[in-house]
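A.B. asks: Quick one, fold the following:
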Amino acid sequence: MKLPQLRKKPEIKSCHNITWEDNYSWIHQKNILEVLKDKNKLNPEVKEYLIQENKYVDFHLKDTKDLQKNLFDEIKGRIKLDDESLPFRDNEYDYWTKTTTEGNYSIKLRKKINSNIIEEIWNGDKEKEKINVEYFGVGDLEVSHNDKLLAYSLDTKGSEYYTIYVRDIISNKIITKEIIETSGGITFSLDDKYIYYSKLDENHRARKIYRHRIGNYKEEDELIFEEKSDAFTASISLSSDEKYYFISSSDHNTSEQYYFNVDEKIPKPKLIIKREKGILYSVSSWDNKFYNHTNKGAEDFKIDVSESLEEQNWLPFVPAKDEVLVGGCVFLKNWIIRSETSNALDKLFVKNISSGLEEELTFTDEKVFVPSVSLKQKNRDTDDIYVGYSSPKSPSRVYSYNLLNKSKKLAKEQEIPSGHNPDDYIVERIEFKSHDGRLVPLTITRHKKTKIDGSANLLLYGYGSYGNSMSPSFSSTRLSLINKDIIWATAHIRGGMEKGMKWWKEGKLTNKKNTFEDYIYAAKYLIDKKYSSKGKIIGMGGSAGGLLMGAVVNKAPELFLGIVMAVPFVDSLTTNLDHSLPLTVGEFDEFGNAKENKDHFDYIFSYAPYNNIKKMDYPNILITTSLSDNRVLFDEPTKFTAKLRDFKTDNNLLLLKTEMDAGHGGKSGRDGAIEEIALDYAFIFKISKKI
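C.D. replies: The predicted structure is shown next:
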């Protein structure tokens with residue numbers, strides 16, 4: 001099959017007296033946000049190219065069709081299809097969700113306390129069938145405080161424009177107007193007469209908070225808050241003690257918060273603390289006190305407490321610790337539970353409010369794991385909670401735990417129907433030196449039979465942006481690789497917050513290249529220690545992790561057998577220069593502002609994957625994207641693929657797979673998600689010669 005060809009239309013671009021040529025910028029449509037809502041507005045020539053690329057993928061992976069089917073069945077076989085979540089006790093009902101063998105979407109159930117009658121109040125598969133759409137994304141699903149109403153938000157394109165609906169649970173009738181183009185979140189007023197939501201502007205940014213009167217079909221909804229900065233987005237939530245609504249407005253590294261009482265007839269949000277560049281804070285209220293989780297004067301956060309918001313007097317509650325990330329609080333009547341992260345590992349602590357004593361919650365002797373905590377009921381006057389953990393080799397276990405007498409009882413264990421023995425796997429946590437001597441954590445998971453002699457293939461996963469940390473949790477899908485002698489390694493590189501706020505700062509703006517160097521040095525370390533060999537490593541990353549893959553493959557292609565890039569942010573200079581796109585302005589503090597700052601421009605230009613493609617051999621590459629993705633436009637991987645075809649000097653595979661009915665998260669539904677993983681893994685097995 002001949003190579004798909006995207007027509008060249010050279011355009012000379014310039015900024016800060018620097019010019020460069022872009023042969024493929026013509027594919028970016030001025031009405032791109034309209035295209036995300038309606039794919040029929042896509043340029044027919046571009047659509048045909050994407051179809052040809054999809055056919056090219058099918059042609060080159062046709063020898064993996066049976067393998068993809070087997071992988072699909074294998075991955076699905078590790079999922080308990082007919083499963084139920086643990087119940088959450090509200091005032092009058094127990095609520096929980098379940099999945100079925102046949103279904104792709106969850107079902108929400110409830111049962112009145114002291115009753116045996118189970119009601120089905122939501123069935124995702126039936127709802128999808130009813131509206132007859134290919135893509136079906138549920139943003140939020142909320143029951144009113146009086147248990148009579150169900151509010152939900154749906155995205156039927158993948159473009160993250162959510163429409164909110166409210167219906168009566170008993171009659172199943174919609175009881176108010178549809179609210180379109182929202183960010184998806186829904187918050188009921190305590191009297192259940194209103195819902196609060198955030199509306200998306202013309203650039204897909206949530207900058208306005210509205211109050212909608214339930215039953216209103218005609219009047220405009222009431223605007224109660226508007227964020228004036230293009231860089232900030234706003235959301236609203238109810239406080240733990242249900243006394244206040246908090247409106248939070250933020251970009252990635254600066255925040256501001258407002259509050260109003262739940263009984264205010266006309267809400268008038270009041271400022272808590274004025275925004276200050278680089279300062280993040282989040283105030284919560286409990287037991288007539290206010291707790292502020294902030295990084296002001298505390299790089300890795302601290303928690304302060306004040307008796308009042310009108311006359312603020314913030315006193316230390318949890319002090320700051322160097323390179324230990326202090327997390328927020330979960331409140332009960334007699335207890336406060338909080339988290340800490342250091343060296344890419346999380347810990348949970350519980351404080352007895354009356355005695356002031358605090359201790360760590362421990363419930364496994366594994367060294368590398370992810371703990372979790374959740375409430376069992378709405379009434380906070382309890383000593384009982386759910387605690388749990390998972391690890392790279394151990395499926396999730398959740399216990400019912402009594403904080404007073406420290407007794408625990410297994411409440412739910414993640415079942416692997418096809419069988420799983422944690423003792424078959426070895427998990428290692430090591431640290432390696434990066435280019436500047438910084439010690440970077442690395443989590444390695446392998447089958448105990450896999451030899452450490454350089455013969456094994458290895459998948460190296462990375463992300464490293466926005467302060468997002470990669471947790472060493474259990475994934476049943478990865479076993480399909482690990483069981484066939486492919487080692488899985490996660491590099492906890494800079495740009496995340498695995499080692500505190502400093503870890504993030506050292507991997508963003510004009511430190512961004514540390515992220516890429518950390519990853520390259522991880523690969524070199526793994527080769528040096530015989531976990532794998534040069535040319536046997538498969539790199540994997542998505543979104544900003546796709547930026548990582550693009551930068552790394554341009555700099556050190558010889559280390560890799562293949563690269564898997566999902567919805568990759570690879571034309572980062574073009575996107576950074578376009579301030580009309582949904583995310584650009586809010587990410588100036590993450591990546592810089594190339595248009596206004598020449599230093600930022602020069603730095604981004606020096607690593608942006610699209611601009612740094614060279615005439616050289618590249619490894620095998622699989623790129624996946626989605627037509628309705630508003631976070632990373634399909635333009636980026638499309639242009640990257642076309643330019644790479646022009647420049648690369650090898651005969652290795654270069655495949656671009658576009659989902660024509662999906663968004664940033666890929667296909668909707670359980671089967672759709674598994675199909676995408678099966679495709680990625682089939683590509684990995686093909687290039688590893690394991691078919």
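
A.B. asks: Excluding covalently adjacent residues, which one is nearest to G496?
C.D. replies: Nearest residue to G496, sequence neighbours excluded (Cβ to Cβ, 6 or more residues apart in numbering): S469, at 4.5 Å. All C-beta atoms are positioned from the backbone trio N, CA, C, and that covers glycine.

A.B. asks: for D485, same thing?
C.D. replies: In space, and not counting its chain neighbours, D485 is closest to T450: 4.9 Å by Cβ to Cβ, 6+ apart.

A.B. asks: and stretch 190-208, how far from the chain's centre?
C.D. replies: 21 Å (Cα atoms, centre = their mean, to the nearest Å).

A.B. asks: Ok, stretch 373-383 next?
C.D. replies: Worked out by Cα atoms, centre = their mean, stretch 373-383 lies 26 Å from the chain centre.

A.B. asks: Just the C-alpha atoms of that stretch, please, in PDB.
C.D. replies: Only the C-alpha atoms of stretch 373-383 are listed here, as PDB (Å, rounded to 0.1, in the frame of the first residue of the first chain):
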ATOM      1  CA  VAL A 373      -9.400   6.500  51.800                       C
ATOM      2  CA  SER A 374     -13.100   7.200  51.300                       C
ATOM      3  CA  LEU A 375     -16.200   7.900  53.400                       C
ATOM      4  CA  LYS A 376     -18.800   5.200  54.000                       C
ATOM      5  CA  GLN A 377     -21.600   7.600  54.700                       C
ATOM      6  CA  LYS A 378     -22.800  11.200  54.500                       C
ATOM      7  CA  ASN A 379     -23.200  11.500  58.300                       C
ATOM      8  CA  ARG A 380     -19.700  12.500  59.600                       C
ATOM      9  CA  ASP A 381     -20.500  11.400  63.100                       C
ATOM     10  CA  THR A 382     -18.800   8.000  62.700                       C
ATOM     11  CA  ASP A 383     -15.500   6.200  63.300                       C
END
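
A.B. asks: Contacts for that stretch, please.
C.D. replies: Contacts with stretch 373-383, where a contact means Cβ atoms under 8 Å, 6 or more residues apart in numbering, come from 86, 88-91, 240, 330-335, 337, 339, 348, 361, 384-388, 400, 402-405.

A.B. asks: Also stretch 494-505?
C.D. replies: So stretch 494-505 is contacted by 295, 299-301, 322-325, 341-344, 434, 438, 440-441, 463-470, 492, 506-508, 511-512, 514-515, 518, 544 (Cβ under 8 Å, 6+ apart).

A.B. asks: Kindly report the same for stretch 396-405.
C.D. replies: Residues outside stretch 396-405 that contact it (Cβ under 8 Å, 6+ apart) are 86, 332, 334-335, 350, 361, 363, 372, 376, 383-390, 407-414, 473-474.

A.B. asks: Among those, the buried ones, what's the PyMOL command?
C.D. replies: Applying 16 or more other Cβ atoms under 10 Å to the contacts of stretch 396-405, the buried members can be selected in PyMOL as follows:
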select buried, resi 332+334+335+350+361+372+376+385+386+387+388+389+390+411+412+414+474
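
A.B. asks: Which of the contacts of stretch 396-405 fall within helices?
C.D. replies: Among the contacts of stretch 396-405, no member falls in helices (DSSP state H).

A.B. asks: Out of the contacts of stretch 396-405, which sit inside strands?
C.D. replies: In this view, the contacts of stretch 396-405 that belong to strands under DSSP state E are 335, 350, 361, 372, 384-390, 408-413.

A.B. asks: where do the strands sit along the stretch 551-691 of the chain?
C.D. replies: Using DSSP state E, counting those that start in this stretch, the strands found in the stretch 551-691 of the chain span residues 560-566, 620-626, 654-659.
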